[in-house]
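below are the sequence and a predicted model for it; my questions follow.
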Amino acid sequence: WKSATFCNDFKRKVSNVWLANRVAFSTSDVGLEFTLHEYLPGGTCTMAVDNLSMRVIKVGEDESGLGRWSYITMEGQRGRKVTFITAYRICAGPMRGTKTSCQQHSKVINKQEMKQGKEASTIDTNFLRMKFVEDLILFIQSLQAEGHVIVLGLDANETPDEAIKANETKEGSISWLLEQTGLAEVFAEHHNTTPDSTTTTPGRFIDRVAVSGIALQQVTILRANEPAQSDHLGIVVDLDLKYLFSNACSPLVSPSPRKLTSGNAASVKKYIE
């Protein structure tokens, strides 16, 4: 996403389907070194299309340079705002690979430390996963302090059971993040239960969607992973936009073609005749 060529190509493809759209990307600053490469692990994308794109007032990404989340903020009537956040948290375990997300994060943090005249620290995934939660909590709370409704979708790489230790929520877990920010997990909130898995692997409920300040109308999971061929299944959440904007968003209408083209002499003459 640091490559203007790839970003513009993606936006062009999106515009072929949705003429009106707003897109937010996130990727680590390591991406600046790979602007000619189409593939780099990690990163997120958040989109608003059609009539909702007209409500967008801000798009942005994680300001740390780690590329952990992107977001879009919409504004409705009476200054009401809703921010949609798409986030990715790295997996637990050893620091593997050379271009994996955990290695990208480590490289970015070490470079930042050296610029500040500090000794480069030894970083592991436990530190990075904890930092993700702490930083995202601060970001969400800053938005909530400004009155924003929050819709958070993330690949947590952690099941709810993994967030519990000795019958208590572990600090630094995603469940702890939801408690600290007052966000409600949508399946538990709407169905009083959660799915067994959000991936093609049973028992892997690792993709979480949580909200605050807005009513849920429908919540479901798509038992399909096409056409993206992903190991993650689609999650669908229908939000009550009237609750936020006090009215329904008007559908976009294509303007009628003009019969008169004043800059075309032949057309003008024919029209007059």
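Structure's in. What do you need?

can you give me the end-to-end span of stretch 68-80?
End-to-end span of stretch 68-80 (Cα to Cα, to the nearest Å): 26 Å.

distance from it to the middle of the chain?
Relative to the chain's own centre, stretch 68-80 is displaced by 12 Å; criterion: Cα atoms, centre = their mean, to the nearest Å.

next: stretch 213-228.
Put simply, stretch 213-228 sits 15 Å off its chain's centre (Cα atoms, centre = their mean).

quick one: secondary structure of the residue nearest to Q218 when sequence neighbours are not counted?
Leaving aside its chain neighbours, Q218 sits nearest to D238 (3.9 Å; criterion: Cβ to Cβ, 6 or more residues apart in numbering). To be clear about C-beta, it is placed using only N, CA and C from the backbone, and glycine gets the same treatment. Secondary structure for D238, judged by DSSP: H, G, I helix; E, B strand; the rest coil, is strand.

let me know the pLDDT of D238.
On the pLDDT scale, D238 is placed at 94.

next one: F10
86.

the helix or strand where K111 lies: which residues count as buried?
Assigned by DSSP states H and E, K111 belongs to helix 101-115. The neighbour-count check on helix 101-115 (16 or more other Cβ atoms under 10 Å) flags S101, C102, Q103, Q104, H105, S106, K107, V108, I109, N110 as buried.

show me the contact partners of that helix.
28-30, 40-42, 64-68, 88, 90-91, 95-97, 119-121, 123, 125, 128 (Cβ atoms under 8 Å, 6 or more residues apart in numbering).

per-residue confidence averaged over the one helix or strand S175 maps to?
Element membership for S175 (DSSP H and E) is helix 174-181. On average, the pLDDT along helix 174-181 is 97.

burial check on the nearest residue to Q180 once chain neighbours are set aside, number of neighbours?
Closest residue in space to Q180, ignoring its immediate chain neighbours: I137 at 5.1 Å, by Cβ to Cβ, 6+ apart. The local packing of I137 (other Cβ atoms under 10 Å) involves 16 other residues.
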